[in-house]
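K.L.:
After the sequence you'll find the predicted model.
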Amino acid sequence: MLRTGFLVLLSAFVVCAVATAAPAPAAKGGGQAKQADASQYVGSETCATCHEEAAKKFADNPHTKIAEMHGNSGATCESCHGPGKAHVDGGGDVTKIFNPAKHTAKEVDETCLKCHAAAHPDFDRSPHAKAGVGCTSCHSVHASKSEKLLKASQPTLCFQCHADQRSQFNMPFHHKVNEGLVKCNDCHDVHGTFNPSNLRSTADQSAVCTKCHTDVRGPFVYEHAPVKAEGCLACHSPHGSQNARLLNMPSINMLCNQCHSAVAAGTVHGQGQGSSDSVPCTSCHTYIHGSNLSVAFLR
């Protein structure tokens, strides 16, 4: 009797486990979102009967490619615009479908982040999101031919809002952004980070710069305190400067004297009027980013 009861319980457990593990079938062209209520979705083919022009342009879209990769069950029209049955049954009633152009940036962002949250987990806290700059401010899902669906290429797209930075890149010395050798997103993650100005996050924050400027990467036996405490921006203006080394002061001595006040004449530093621009600090203190030999960063 006990054995029989045990077998009955075991059979019930197996049946429940199989039922729980079995996924709900996805409707054609619906993706995961359609599993909630497949009857409310009509499929991209139905959308194309009225929106033929948009459907033609969508053929090379990354979203379409994803749908094709997953047996036409990936991202489709209704993944972004919501279920279309009520819209179709209403004869194209525009109030029965989600149109990003008629909704707030936050509402549009929430739609995009349903799929892209893993790639951009910090977007909601980013300066762009807080300023109401949403996904469709920079991306055009239907019209763009760019792989990342950008409305314009960098840096033109960024300069539409960041006019101050545009003028900095026109200074005599600058990172080669205008020339196309460096891109804004090489240093900034426009979708948000925990750092000011959306600077990319790295284990060593200076690595944003030293991934290219490897000669000053270190580690060094003797570290220059500002480099470790404040990073590269303590001395450099990365977008553009009057100085060939992109210093945030016209000359090296003016920069050094912000921390190292001018030394009186008659000492080893004295050049008639304390620390003179006629003899740059780096003439002697060559390894100002760090040294393995000299605590004073001497050459």
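P.N.:
That came through fine. Numbers count the residues shown, from 1 in each chain.
K.L.:
So which residues make contact with stretch 288-299?
P.N.:
216, 218-224, 227, 281-282, 284-287 (C-beta atoms under 8 Å, 6 or more residues apart in numbering). (Glycine included, C-beta is placed from N, CA and C.)
K.L.:
Which neighbouring elements make contact with the strand or helix carrying Val208?
P.N.:
Assigned by DSSP states H and E, Val208 falls within helix 207-210. The contact analysis (3 or more C-beta pairs under 8 Å, 6 or more residues apart in numbering; DSSP states H and E) places helix 207-210 against no helix or strand.
K.L.:
Following element in sequence after that helix, please.
P.N.:
Next along from helix 207-210, by DSSP H and E: strand 222-223.
K.L.:
Do me a favour and average the pLDDT over stretch 175-191.
P.N.:
Regarding stretch 175-191, the rounded mean pLDDT is 95.
K.L.:
pull the CA atoms of that stretch into PDB?
P.N.:
The C-alpha atoms that make up stretch 175-191 are tabulated as PDB, following Å, rounded to 0.1, in the frame of the first residue of the first chain:
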ATOM      1  CA  HIS A 175      42.200  64.600 -30.600                       C
ATOM      2  CA  LYS A 176      41.500  63.700 -34.200                       C
ATOM      3  CA  VAL A 177      37.800  63.400 -33.900                       C
ATOM      4  CA  ASN A 178      37.000  65.700 -36.800                       C
ATOM      5  CA  GLU A 179      39.400  63.700 -38.900                       C
ATOM      6  CA  GLY A 180      37.700  60.500 -38.100                       C
ATOM      7  CA  LEU A 181      40.600  58.800 -36.300                       C
ATOM      8  CA  VAL A 182      38.900  59.000 -32.900                       C
ATOM      9  CA  LYS A 183      35.200  58.700 -32.100                       C
ATOM     10  CA  CYS A 184      33.300  60.100 -29.300                       C
ATOM     11  CA  ASN A 185      32.200  56.700 -28.000                       C
ATOM     12  CA  ASP A 186      35.900  55.600 -27.800                       C
ATOM     13  CA  CYS A 187      36.000  57.600 -24.500                       C
ATOM     14  CA  HIS A 188      32.300  58.000 -23.700                       C
ATOM     15  CA  ASP A 189      29.500  55.500 -23.200                       C
ATOM     16  CA  VAL A 190      26.600  57.500 -24.400                       C
ATOM     17  CA  HIS A 191      24.100  55.100 -22.800                       C
END
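K.L.:
hang on, the earlier thing: chain center to the helix holding Val208: distance?
P.N.:
16 Å (C-alpha atoms, centre = their mean, to the nearest Å).
K.L.:
how about that helix: buried residues?
P.N.:
For helix 207-210, the neighbour count (16 or more other C-beta atoms under 10 Å) marks 208-210 as buried.
K.L.:
again with stretch 131-142
P.N.:
So, applying 16+ other C-beta under 10 Å, buried residues of stretch 131-142: 133-139, 141.
K.L.:
picking up where we left off before, could you identify the buried members of the contacts of stretch 288-299?
P.N.:
Members of these classed as buried by 16+ other C-beta under 10 Å are 216, 218, 220, 223-224, 227, 281, 285, 287.
K.L.:
Please identify which of these is nearest to Thr202.
P.N.:
Gly218 (13.8 Å; C-beta to C-beta).
K.L.:
first to last residue in stretch 233-242, what's the distance?
P.N.:
15 Å (C-alpha to C-alpha, to the nearest Å).
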